[in-house]
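Asks: Please find the sequence and the predicted model below.
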Amino acid sequence: MNRAEKDFRDARAAYRQLSFRQKLAHIWLYHKWPIILGLTALVILGSVVYRILTKKDPVLYLAMINVSVNSQLEEAMTVGFLNDVGFDADRQELLIYRDLYLAEETDVTTHRSAYATRIKLMASVEQQQLDFILMSGQSYDILSSQGYLLAVEELLKEEPALAEALAPIVTENEVTVEDNEIEYQLREAEEHIVVTKTEANAFQVDALSLFAGQFEDPLYLGVVANTPRRAVCLSYLRYLLKE
């Protein structure tokens, strides 16, 4: 037997003589880094697996601007719709962007919120991850003017029955067709010219049974102009009428 084998057997014999606590202390002293790294890897793996198993696929995206709702109404707007149409609420969701704010004039306190909201809107629209906007009258004026909203006629052109049912709550607002503000500021134009038109591009929904009595001011719902999920949007409008 060589010296290395003898030392190994002696160390093994000595280890067997240790108490349980001493063995744990010995293992921690000489193997703590592999143990820590192994546990860390397990935690990361478990977290990834959990996110994969619990991840929900959005079927619709809705932004609430200058509007907040209670938990009961939000559940009716989201889970209620999913269950009614036949989506799997455990695997799918109606994703809501909350706490967004817009105003024509902002002070120091609200400027940051308004700026963050504009960035969020632009990014969501660019990525086609926004379908509906639930909004106050003030935010409706802003978003309509800036061309965010789809014309009701365009949305419902192949749905005459739904168009008739929604007709009482269709609303009109100003849409900017032409604005040479940049040229005017750069002194490339002699006067600031803004051309607008009136367009039906939202629904006043506060009178619908789902929202009735919960809002003092008018509440508007508009469809985002570039939504790729028009069919699901139509299903959502039918659901709101049903409720």
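Replies: On my side now, so go ahead.
Asks: So which residues of the protein form strands?
Replies: 57-65, 92-100, 132-135, 170-179, 194-204, 220-223 (DSSP state E).
Asks: Contacts for the fifth one next, please.
Replies: Meaning strand 194-204. Strand 194-204 is contacted by residues 135, 140, 144-145, 149-153, 166, 169-181, 218-222, 237 when judged by Cβ atoms under 8 Å, 6 or more residues apart in numbering. The C-beta positions use only the backbone N, C-alpha and C, and glycine is treated the same way.
Asks: Over to the second one?
Replies: Around strand 92-100, the neighbours that count as contacts under Cβ under 8 Å, 6+ apart are 56-66, 68, 74, 77-78, 81-82, 117, 120-121, 124, 130, 236.
Asks: at 7 Å what do you get?
Replies: 56-65, 74, 78, 81-82, 117, 120, 124 (Cβ atoms under 7 Å, 6 or more residues apart in numbering).
Asks: ditto for the first one
Replies: Around strand 57-65, the neighbours that count as contacts under Cβ under 7 Å, 6+ apart are 87, 91-98, 100-102, 117, 121, 124, 129-135, 139, 229, 232, 236.
Asks: Now with 6 Å, please.
Replies: 87, 92-98, 100, 102, 129-135, 139, 232 (Cβ atoms under 6 Å, 6 or more residues apart in numbering).
Asks: Among these, name the buried ones.
Replies: 87, 93-97, 100, 102, 129-135, 139, 232 (16 or more other Cβ atoms under 10 Å).
Asks: picking up where we left off before, buried subset of the contacts of strand 92-100 as a ChimeraX selection?
Replies: Only the buried entries of the contacts of strand 92-100 go into this ChimeraX selection, using 16+ other Cβ under 10 Å:
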select :59,60,61,62,63,64,65,74,78,81,82,117,124
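Asks: All the helices of the chain, residue numbers only.
Replies: 3-16, 20-54, 71-85, 108-126, 137-145, 152-156, 160-166, 181-185, 230-242 (DSSP state H).
Asks: Return the most buried member of those.
Replies: Ranked by mean neighbour count, the helices of the chain are led by helix 137-145 with a mean of 20 (mean count of other Cβ atoms under 10 Å).
Asks: Now do that one: distance to the chain's middle.
Replies: 20 Å (Cα atoms, centre = their mean, to the nearest Å).
Asks: any residues touching stretch 122-135, and which ones?
Replies: Looking at what lies outside stretch 122-135 - Cβ under 6 Å, 6+ apart - the contacts are 60-65, 67, 220-222, 224, 227-229, 233.
Asks: Quick check: end-to-end length of it?
Replies: Using Cα to Cα, to the nearest Å, the end-to-end distance of stretch 122-135 comes to 16 Å.
Asks: same thing with stretch 118-137?
Replies: Terminal-residue distance, stretch 118-137 (Cα to Cα): 17 Å.
Asks: Centre of the chain to it, how far?
Replies: Taking mean C-alpha positions (Cα atoms, centre = their mean), stretch 118-137 and its chain are 9 Å apart.
Asks: same check, this time on stretch 227-243
Replies: So, by Cα atoms, centre = their mean, the centroid of stretch 227-243 is 17 Å from its chain's centroid.
Asks: go on, stretch 154-169?
Replies: For stretch 154-169, the distance to the chain centre is 26 Å (Cα atoms, centre = their mean).
Asks: what's the answer for stretch 77-84, then?
Replies: Distance, centroid of stretch 77-84 to centroid of chain: 16 Å (Cα atoms, centre = their mean).
Asks: mean confidence for it?
Replies: Taken as a whole, stretch 77-84 has a mean pLDDT of 96.
Asks: Repeat that for stretch 202-219.
Replies: For stretch 202-219, the per-residue pLDDT averages 93.
Asks: end-to-end on it?
Replies: End-to-end for stretch 202-219, by Cα to Cα: 10 Å.
Asks: all numbers from here: first residue = 2
Replies: Sounds good: first residue 2 from here, last item stretch 203-220.
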